[in-house]
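S.K.: structure for the following, please:
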Amino acid sequence: MSGFVEKPEPQQVPGLVHLHTGKVRDLYRNEAGDLVMVASDRMSAYDWVLPTLIPDKGRVLTQLSLWWFDQLSDLVPNHVLSTELPPGAPADWQGRTLICKSLRMVPVECVARGYLTGSGLVEYNDSRTVCGLALPESLTDGSELPAPIFTPATKAEVGEHDENVSYEEVVRQVGAETAAELRRMTLAVYGRARDIARERGVILADTKFEFGFDGETLILGDEVLTPDSSRFWPAAEWEPGHAQPSFDKQYVRNWLTGPESGWDRKSEQPPPALPQQVVDATRAKYIEAYERLTGVSW
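M.R.: The predicted model follows:
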């Protein structure tokens, strides 16, 4: 069992039709047929959506995504139409809401890795490959790869786990032409973002993108280059050979798997509520990521 510990009821807003409640975002359609995407303060970990909110998290994700979309605008088009609050929407939606083009989404998580960690490290330790791509011997946790690699994954439902797949499987699912464009765009966007982050003392270890078709054009959708979808490490503290400090939900993961939580990840019991110190530390890390990357005070 996994999924929502407590699934929230969607907000009812005149003129909007609720479409989906995701791990973090709530999706609506407006009367013009556009997608209204609202980033909540929900936190997910280990395939569970936790019962505790992280204040301002949804706004950080939204504002950081908008900043990145601007940095990438000459490289790839995106789905954002407006940041204007829909009429009648709750005041709390301010700063966390995007009006977007309704895309035909590609059913693939487009992951780019420049460093070895996470599920890539697990596969590498077993077979010296990641998503079937052969890598050099003697790499370790946190090692920089010889060149960034495209390591796609399946898109999972809430409570399910994304699974790494080979490039050949992507070709089978979406066709050779679309697969090649997904790989090209993913690595191009990663390369641009990696260089921008590096200038700001941040390592972009890996990240995932979602793309969809606007007519016949493949464009960038969902969120982009946030602490929810990326691993950001402080460059000054990078030291291969062990897990790196990061600007993301690591405080949450550490507490959940530590002795204080009393939670057995392998059990079917839902995780407990987060203590205030973990909430505060996690919020601070998300805001630090925003401030370091954008240069703007939160």
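
S.K.: just checking, what packs against the helix or strand containing S65?
M.R.: Assigned by DSSP states H and E, S65 belongs to helix 57-72. Applying 3 or more Cβ pairs under 8 Å, 6 or more residues apart in numbering; DSSP states H and E, one finds that helix 57-72 contacts strand 35-39, strand 97-100, helix 176-199, helix 276-294. From N, CA and C alone the C-beta is placed, and that goes for glycine too.

S.K.: nearest to V80, of the ones you listed?
M.R.: Comparing the helices and strands packed on helix 57-72 against V80 with Cβ to Cβ, the closest turns out to be strand 97-100 (5.6 Å).

S.K.: following the chain onward from the closest one, which element is next?
M.R.: Per DSSP H and E, the helix or strand that comes after strand 97-100 is strand 104-105.

S.K.: that next one pairs with which strands?
M.R.: In the sheet, strand 104-105 lines up against strand 202-214 (antiparallel) (DSSP bridges).

S.K.: give me the mean pLDDT for the strand it pairs with.
M.R.: If you average the pLDDT over strand 202-214, you get 97.

S.K.: what angle sits between it and helix 57-72?
M.R.: Put simply, strand 202-214 runs at 80 degrees to helix 57-72, going by axes from the mean of the first three to the mean of the last three Cα atoms, to 10 degrees.

S.K.: measure how strand 202-214 sits relative to helix 176-199, angle-wise.
M.R.: Orientation of strand 202-214 against helix 176-199 (the same axes, to 10 degrees) gives an angle of 150 degrees.

S.K.: next, the buried residues of strand 202-214.
M.R.: Neighbour-count burial for strand 202-214 flags 202-212 (criterion: 16 or more other Cβ atoms under 10 Å).

S.K.: right, and G88 touches Q12 too?
M.R.: No: using Cβ atoms under 8 Å, G88 is not in contact with Q12; the gap is 9.6 Å.

S.K.: list residues touching both of these two?
M.R.: The contact sets of G88 and Q12 do not overlap (Cβ atoms under 8 Å, 6 or more residues apart in numbering).

S.K.: state the number of residues packed around P240.
M.R.: 14 (other Cβ atoms under 10 Å).

S.K.: what strand or helix carries the nearest residue to it once chain neighbours are set aside?
M.R.: Closest residue to P240 apart from its sequence neighbours, by Cβ to Cβ, 6 or more residues apart in numbering: G142 at 4.0 Å. Counting by DSSP H and E, there is no helix or strand that carries G142.
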